[in-house]
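>>> Here's my sequence, what's the structure:
(one chain, ligands or ions: 1)
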Amino acid sequence: MPGNVESTHKTWVAINPLNDQHEVPAMSKSEGVNELVQQVGDFYAWIRDYWTEMGRNQDGASSGMLNFGLWEDNTVTMFDAEENLRALVANCLGALPPGARGLDIGCGIGGAAIRLVQERDVALTCMDLVPAQLEIGRESARKAGVAGRIEFRLGSSMDMPFQDGVFDFSYCMESSFHYADKSAFFRENCRVLKPGAVAVVADITCEDNSLVTFRSGNYFLAAEDLRKLMIESGFSVEDVIHIGDRVFKPLQSYVAQYSAGQRDKLRRYWNLVLKNYSTLSAQGKMGYEIFVLRKGGRQR
Ligand SMILES: C[S@@+](CC[C@H](N)C(=O)[O-])C[C@H]1O[C@@H](n2cnc3c(N)ncnc32)[C@H](O)[C@@H]1O
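Okay, the predicted model is just below:
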């Protein structure tokens, strides 16, 4: 686990030169993009190892995911919780044509994509803003023997490096809370899909951001506001699944137990963040929603 943010940042910059032609996001000419890459990159350099360790199963296998998971009554481990969330998102994609090409937006370290290509006849493009996540994802896909069916691309969800109408489906799992410009994200998501394609967006929602204790790099919106932006961007909303009561509180208990007796900054940070989220969730002010969208289609 990294010692502190400063040294982590230096290491991160050293191993991820932003000027490498192939690894600069397509919109890197825009103001502030490198700062964004750095801010998000620093955060994940700080938490990634901790979250990955927490998500290992009894055999030491990593979930390859960096999300909060879905905690059913019988869920005991973070590994299983992350797999539950992934499976639900995959299920929301519905039936897909054989050989369909999909986009995993904010793919993280690639675990969800690897499992999806293992269970379905699809190919994926995985996009993330942080080069280090993509490197881990590429290596994991290679080890899993699925590198030929997953392409990893650097890019921002608010300005995607893809042509119009090229994907048969997309999903974005717990990444959009990072996006300051949600309209740009939904417009871009819709633009790169073929007409009639399905898109699944799973994320944290909050009706009053002033109640969130740690807000740096987090841009939560209320579910209803998100829905409006989705529709304005050309999607119809086919379903919304509310899972907040199966995310925040059980995760808080799990992390508190996992961190018991450890007082380092990172563990204290997560204990405080999750305590805040569970409280807001219990008050009905924070949620976790899975939106099932369709490009075009009739609004229900
Ligand atoms: C909580 S992690 C979730 C990763 C993955 N979807 C999963 O469930 O394991 C959020 C991811 O979003 C990525 N991200 C943040 N802002 C982004 C942006 N503007 N464009 C693309 N990816 C972004 C982060 O680098 C990180 O990998």
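>>> Quick check on the residue nearest to residue 203 when sequence neighbours are not counted: phi, psi?
Among residues not flanking residue 203 along the chain, residue 176 sits closest, at 4.8 Å (Cβ to Cβ, 6 or more residues apart in numbering). The way it works is simple: take the backbone N, C-alpha and C, and place the C-beta from them, glycine included. In terms of degrees, to the nearest 10, the main-chain angles of residue 176 are phi -70, psi -20.
>>> cool, and residue 127?
Dihedral angles (degrees, to the nearest 10) for residue 127: phi -120, psi 140.
>>> tell me the contacts of it?
103-107, 152-155, 157, 160-161 (Cβ atoms under 8 Å, 6 or more residues apart in numbering).
>>> rewinding a little: quick check: the residue nearest to residue 203 vs residue 186, distance?
9 Å (Cβ to Cβ, to the nearest Å).
>>> One more: residue 90?
21 Å.
>>> and these two? which has more neighbours close in?
Shown here are residue 90 and residue 186; by other Cβ atoms under 10 Å, residue 186 has more neighbours (28 against 19).
>>> which residue packs closest to that one, ignoring adjacent ones?
Closest to residue 186 by Cβ to Cβ, 6+ apart is residue 233, at 3.6 Å.
>>> Also residue 232?
residue 183 (7.1 Å).
>>> sorry, back to before: for the residue nearest to residue 186, grab phi and psi.
When read as degrees, to the nearest 10, the backbone of residue 233 gives phi -90, psi 0.
>>> show me what contacts it?
So residue 233 contacts 183, 186-187, 189-190 (Cβ under 8 Å, 6+ apart).
>>> confidence score at it?
At residue 233, the pLDDT value in this model is 97.
>>> any idea where the strands of the stretch 151-300 of the chain begin and end?
167-173, 193-206, 235-242, 286-295 (DSSP state E, counting those that start in this stretch).
>>> could you give the mean pLDDT of the longest one?
Pointing back at strand 193-206 there. Per-residue scores along strand 193-206 average to 97.
>>> How far away from the center of its chain is that strand?
In terms of Cα atoms, centre = their mean, to the nearest Å, the centre of strand 193-206 is found 12 Å from the chain centre.
>>> which of the contacts of residue 233 count as buried?
186-187, 189-190 (16 or more other Cβ atoms under 10 Å).
>>> List just the nearest of these to residue 57.
residue 189 (31.8 Å; Cβ to Cβ).
>>> And the residue of the chain at minimum distance from the ligand, which helix or strand is it part of?
Going by Cβ to the nearest ligand atom, the ligand is nearest to residue 108 of the chain, at 2.6 Å. Using DSSP states H and E, residue 108 sits within no helix or strand.
>>> Next up, phi/psi of it, please.
Torsion angles, degrees, to the nearest 10, at residue 108: phi 60, psi -140.
>>> In JSON lines: the strands of the stretch 151-300 of the chain, plus mean neighbour count and distance to the ligand.
What follows is the strands of the stretch 151-300 of the chain, written out as JSON lines (neighbours: other Cβ atoms under 10 Å; distance: least, Cβ to the nearest ligand atom, whole Å):
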{"stretch": "strand 167-173", "mean neighbour count": "24", "distance to the ligand": "4"}
{"stretch": "strand 193-206", "mean neighbour count": "22", "distance to the ligand": "8"}
{"stretch": "strand 235-242", "mean neighbour count": "17", "distance to the ligand": "16"}
{"stretch": "strand 286-295", "mean neighbour count": "23", "distance to the ligand": "12"}
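>>> what about stretch 110-130 and the ligand, touching?
Yes - for stretch 110-130, a contact with the ligand is found by Cβ under 6 Å from any ligand atom, at 112, 128-130.
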